[in-house]
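Student: next comes the sequence, and after it the predicted model I'd like to discuss.
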Amino acid sequence: MLLLSKFRDVFEGGIYRHRSSTIGDKLSRQFYEDLYNLGRSVKFNQRVNNQNCVVNTKNRVTGKSMRRGDGTFGEKVASSNANKKTNFNVAKGPTVNVQIGVEVKILATAMIKQIDRVINDLFKQAREFERVTSDAISVAVVGVNHSSKYTSHEGDRTYDKPGSGPAPSKEASKAISELKSNATQYFDEFLIVPFEATNRSPYPFSWVDKRATTNKYSAVCQRTLTEYDSRF
């Protein structure tokens, strides 16, 4: 599955900088590719092939004010041109609605300190998808680190955990509990992705349970396509 592969690439072999604003965009783009590659919805694939529906990489619906999410897919503006990049099945372009909206969050460290903000951001984005298109399918993907040590990189400075704060493994369980209690209800699909990454050279990465994560993600994709056929 492409999204999970790209998620791994965020950490493996190099420094992860949590303030990067493009990570969520890049990961959400892969979600639509995975939907297409599953081939479970003739309607979805035909619209992608005909370029009637596209990914809106600017995450703005034409003619409507909108809080920017990480990924939106919808009906292409009829007077516009679609742009299909090499290695992508789903073209990109301006859209008139949100059929599927994706929000990505990664909790790598200092999870409890930021959990209220993360949950609030998730709530606002789910409501924004619904406000713009009432029957939009909303999907959240939230990575939660379980590593016993971690290094944060802020410019030229680094902060080690444990040290300046608790290790991710000490906070992961509570963070997941908070997400399940206070955020999952806002989305049609909510996937928690447990992983381990130290953010220290040589920058290893591993899944807490690769098979379970892959199966849960596949199920999210399949249910999303079923909903797509029903709603659109």
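Tutor: Sure thing, it's come through.

Student: tell me, please, the helix or strand in this protein that averages the lowest pLDDT.
Tutor: strand 157-161 (a mean of 84; mean pLDDT, DSSP states H and E).

Student: and that strand, which strands flank it?
Tutor: Sheet pairing of strand 157-161 (DSSP bridges) gives strand 150-154 (antiparallel).

Student: can you give me the strands in the chain?
Tutor: With strands called from DSSP state E, the chain shows them at 53-56, 71-75, 100-107, 137-145, 150-154, 157-161, 189-197, 205-207.

Student: buried ones in the fifth one?
Tutor: Buried residues in strand 150-154, counting neighbours by 16 or more other C-beta atoms under 10 Å, are found at Tyr150, Thr151, Ser152. Placement of C-beta: from N, CA and C, glycine included.

Student: and for Ser5, the neighbour number?
Tutor: 10 (other C-beta atoms under 10 Å).

Student: quickly note the distance from it to Gln30.
Tutor: Ser5 is 8 Å from Gln30, where distance means C-beta to C-beta, to the nearest Å.

Student: pLDDT value on the most centrally placed residue in the chain, please?
Tutor: For the chain, the residue nearest the mean C-alpha position is Val104 (2.9 Å; C-alpha atoms, centre = their mean). With respect to pLDDT, Val104 scores 97.

Student: residues contacting the closest residue to Arg17 other than its chain neighbours?
Tutor: Spatially, and ignoring its direct neighbours in sequence, Arg17 is nearest to His153 (5.7 Å; C-beta to C-beta, 6 or more residues apart in numbering). If a contact means C-beta atoms under 8 Å, 6 or more residues apart in numbering, then His153 has Ile15, Tyr16, Arg17, Asn199 as its contacts.
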